[in-house]
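**Q** sharing a sequence plus its predicted fold:
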Amino acid sequence: MRQIVAWFVLITLVAFLITSALLLHPFGYPPSAMDDYMIARSQAETASNNVVAAVVFDYRGLDTLGEATVLFTAVTGVLLLFRSLKKREKKT
Amino acid sequence: MLSKIVRTISDQLILFILIYGLYIIIHGHVTPGGGFQGGAVIASGVVMMIVAFGSGEIKKSLRERHLSVVESSGALIFIGMAFAGMGTLFFYNFLVGTPVFGGIPPTGPNPGDVWTGGVIPLMNFGVGLKVSAGLSAVILAMALFSRGEETEE
């Protein structure tokens, strides 16, 4: 029974992947106006030569805030974990 | 602790690694790079010192508590710069055109100037502090733990 279900899921997934690969848009097809806007205006609007830095810290600042929060949480978790492990070892 | 040759070489090399990381952070808005990348370079320098000298020796001069303080202050700089533009928008670049980091470069290829970018270099600095101190604290905690040494309470 489990084998039948596994084969069914596998075949469905493969068929889905192949059809979606065949139905992909050509490269860069839905043309976006955002990149041209940023290349044309980022130096005048954010005064920085590095357009990537302008996008990361200015246009998409909230995204970077999330990244920084992820890093902060990871560091806090690691420090907390290693400290508590050490104390528990000492007690036993 | 590794041999004397390794210790001497890394002692000479750490200066250049730190300067290179600072360069990447400070020039983040002019050349490729930024806070995350420069912070990772500085943290890799700290890793080299830990490998060469051993975590017990590094623990005397680099405390996890102080690293946590530096990391949190970097995050506060970042959030504070975001909130300082709150007059118009969250994450508004309010320093463009002012005398502080406000020079506007001409559109198109130009030699570049550090004194541009508005809020971006300050945010880069905060993120650089945060990433370098955070990664160093993680690596130091793991190194001390794998040696079975006491961490700073």
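**A** Thanks, I have it.
**Q** just checking, what packs against the helix or strand bottoming out on mean pLDDT in chain A?
**A** Least confident helix or strand, chain A: helix A:61-91 with a mean of 82, by mean pLDDT, DSSP states H and E. Judged by 3 or more Cβ pairs under 8 Å, 6 or more residues apart in numbering or on different chains; DSSP states H and E, helix A:61-91 is in contact with helix B:64-84, helix B:120-147. Placement of C-beta: from N, CA and C, glycine included.
**Q** ok, which of those comes nearest chain A?
**A** helix B:120-147 (4.1 Å; Cβ to the nearest Cβ).
**Q** which positions in the closest one come out as buried?
**A** For helix B:120-147, a neighbour-count test (16 or more other Cβ atoms under 10 Å in any protein chain shown) marks B:120-145 as buried.
**Q** same thing with stretch B:102-119?
**A** B:102-105, B:116-119.
**Q** what is the most widely separated pair among those?
**A** B:P105 and B:V119 (15.4 Å; Cβ to Cβ).
**Q** tell me who's in contact with the residue in chain A positioned nearest to chain B.
**A** Relative to chain B, the nearest point of chain A is A:G61 (3.3 Å; Cβ to the nearest Cβ). Contact analysis of A:G61 by Cβ atoms under 8 Å, 6 or more residues apart in numbering or on different chains lists B:82, B:90-91, B:123.
**Q** picking that back up, and chain A, which of the buried residues of stretch B:102-119 contact it?
**A** B:102-105, B:116-119 (Cβ under 8 Å from any Cβ of the partner chain).
**Q** residue nearest the centroid of chain B?
**A** What sits nearest the mean C-alpha location of chain B, by Cα atoms, centre = their mean, is B:G128, with 3.0 Å.
**Q** got the contact list for it?
**A** Per Cβ under 8 Å, 6+ apart, neighbours of B:G128: B:21, B:25, B:28, B:34-36, B:38-39, B:42, B:74.
**Q** any idea how far B:L18 is from it?
**A** 12 Å (Cβ to Cβ, to the nearest Å).
**Q** shared neighbours, the two?
**A** Shared contacts of B:G128 and B:L18, counting by Cβ under 8 Å, 6+ apart, come down to B:I42.
**Q** secondary structure element for residue 43?
**A** Since no chain was named, I'll use chain A. helix A:34-46 (DSSP states H and E).
**Q** meant chain B, my bad for not saying
**A** helix B:35-53.
**Q** report the buried residues of the following helix or strand past that helix.
**A** Downstream of helix B:35-53, the first helix or strand assigned by DSSP H and E is helix B:55-59. Buried residues in helix B:55-59, counting neighbours by 16+ other Cβ under 10 Å, are found at B:55, B:58-59.
**Q** other residues contacting helix B:55-59?
**A** Residues contacting helix B:55-59 (Cβ under 8 Å, 6+ apart): B:1, B:46, B:49-50, B:140, B:143-144, B:147, B:149, B:152.
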